[in-house]
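In: Need coordinates for the below:
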Amino acid sequence: MPEVCTEKHLIKGTEICILDRSEVPLAFKQMLRPLLRLTLESIPFATRFVRLRLVLKTNATATYDVSNPRQWLAETARHYDAYASCSAEEFVSPNEGPTIDLFVDAIFGAIARKADKSSYEASFQKSETKQLAVLLDETLRHELVHLTQFQTNKYAEKHAHWESRAAEIIVERATPSGIDSMFSVARHLLTNFTVLVWAEGLATMFQKPQRYDQATNVEYYDAAKKAALVVAEAVRLWQGHLQKVLSAQEDAKRYPQEARRAQTLIFSLRELTTAMHSVFVGASYQLGLHMVYTLAYAYKLDPEKLEPYLQWNRRELFKLYEKGCARLGFTPVFSFSSNAGILDYTRMVGELMGLAGKFGIQVK
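Out: Numbering: from 1, shown residues only. The predicted structure is shown next:
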């Protein structure tokens, strides 16, 4: 491992390196580290790796007074950041091992937000400690599923490919000729969206025990429908703004004074593209959880066994999902090419390509 571990444990043959880069009051670190080991020991698929790095981090955008635990806890409650992220460079290059970054201030803040503010103390009470253990368990399970996906289904390469291609285009300097790039980035983001739905659905499904009943099924279905409508609206707004850009470019050919307006619209289109990507990421959790849950519920799959789920590719997932919807008697929320869902991947790509063709733009 490239860095010296703060702590190192051997759990059922897996070397766990805990690397502490966080700014956390000592009282909270003393509580966190033993819970981390207990949590990893309780997750069966944590031991599929030869080694695993667990990096404890603090939100880079926030500053805290760690000398005052009570104030620190109160401050963390104000932040709503991601609890963790993971990277699997081991599966795409040999330089690093699989790593989970835990943003400990966000995790403690999530617990603090649930607590009565008058009860903030230098250390948590028993009830908060239990909540912390549950949140750590769910967070680590979620990220370990992702690492397992990286290992078994080359998700890392797929996701990295589409994300990097889109990011490269988004950060390019916008020019009037940059409209071709905006079509390309939207195409990449749509493809990556289907990968995200598959990946986040599985990870969210396995982060905590599920209740398999009709009420939960309806709850997830309703949440997925709302998420799908938000995505559809984001795509509609993007396409509408795109047409304004294209019209402004046509005007600029005849009226040179319109060139500045066209360029301004392209800048705002790039911002709208970034916003659309954020919508895709946020919606992937609700859509994916609903789709994977539908499969498990409709086909009575064993929720405790991870391997069969990880063998599906995204096309198979969509196909099985639609069959599961038919079994349960409701309309699919997201389809791949049947045009049956509120969202349909092939339909959205077709609309994009049709718009590009209308203006003679080649999408790469």
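
In: contacts and neighbour counts: CA atoms only from here.
Out: Will do.

In: can you count the residues close to Lys253?
Out: 11 (other C-alpha atoms under 10 Å).

In: same thing with Glu271?
Out: 13.

In: per-residue confidence at it?
Out: Glu271 is assigned 79 on the pLDDT scale.

In: Which helix or strand contains it?
Out: Using DSSP states H and E, Glu271 sits within helix 259-299.

In: for the stretch 101-250 of the chain, which spans come out with low pLDDT?
Out: Within the stretch 101-250 of the chain, the stretches with pLDDT under 70 are 114-127, 153-179.

In: before we move on, the earlier item: any idea which helix or strand comes after the helix holding Glu271?
Out: Next along from helix 259-299, by DSSP H and E: helix 307-310.

In: Alpha carbons of the helix or strand following that next one, in CSV - could you do that?
Out: Downstream of helix 307-310, the first helix or strand assigned by DSSP H and E is helix 314-328. Taking Å, rounded to 0.1, in the frame of the first residue of the first chain, the C-alpha atoms of helix 314-328 are listed here in CSV:
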residue,chain,number,x,y,z
ARG,A,314,-27.8,-3.4,-18.0
ARG,A,315,-29.7,-4.7,-21.0
GLU,A,316,-30.6,-7.9,-19.1
LEU,A,317,-31.7,-5.8,-16.1
PHE,A,318,-34.1,-3.7,-18.1
LYS,A,319,-35.5,-6.7,-19.9
LEU,A,320,-36.1,-8.7,-16.7
TYR,A,321,-37.4,-5.6,-15.0
GLU,A,322,-40.1,-5.1,-17.7
LYS,A,323,-41.2,-8.8,-17.3
GLY,A,324,-41.3,-8.3,-13.5
CYS,A,325,-43.5,-5.3,-14.0
ALA,A,326,-45.9,-7.4,-16.1
ARG,A,327,-46.0,-10.0,-13.4
LEU,A,328,-46.9,-7.4,-10.7
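
In: okay, the angle between helix 314-328 and helix 259-299?
Out: Angle, helix 314-328 to helix 259-299, by axes from the mean of the first three to the mean of the last three C-alpha atoms, to 10 degrees: 60 degrees.

In: distance between helix 314-328 and the chain's centre?
Out: 22 Å (C-alpha atoms, centre = their mean, to the nearest Å).

In: Please work out the average pLDDT along it.
Out: pLDDT averaged over helix 314-328 gives 89.

In: Now do that helix: which elements does it pack against?
Out: Where contact means 3 or more C-alpha pairs under 8 Å, 6 or more residues apart in numbering; DSSP states H and E, helix 314-328 is packed against helix 179-206, helix 259-299, strand 334-335.

In: Does anything pack onto the helix or strand just after the first one? Which helices or strands?
Out: Along the chain past helix 179-206, the next helix or strand (assigned with DSSP H and E) turns out to be helix 214-254. Using 3+ C-alpha pairs under 8 Å, 6+ apart, the elements in contact with helix 214-254 are helix 259-299.

In: export stretch 195-207 as CSV, just CAs?
Out: Output in CSV follows, covering the C-alpha atoms of stretch 195-207 (Å, rounded to 0.1, in the frame of the first residue of the first chain):
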residue,chain,number,x,y,z
VAL,A,195,-25.1,2.3,-16.1
LEU,A,196,-25.7,4.4,-12.9
VAL,A,197,-29.2,3.1,-12.5
TRP,A,198,-28.0,-0.4,-12.7
ALA,A,199,-25.1,0.2,-10.3
GLU,A,200,-26.8,2.4,-7.7
GLY,A,201,-29.9,0.3,-7.7
LEU,A,202,-27.9,-2.8,-6.6
ALA,A,203,-25.9,-0.9,-4.1
THR,A,204,-28.9,0.8,-2.6
MET,A,205,-30.8,-2.5,-2.5
PHE,A,206,-28.1,-4.2,-0.5
GLN,A,207,-27.2,-1.4,1.9
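
In: How is the protein divided into domains?
Out: Split into domains by automatic domain parsing, the chain comes to 7-153, 156-358.
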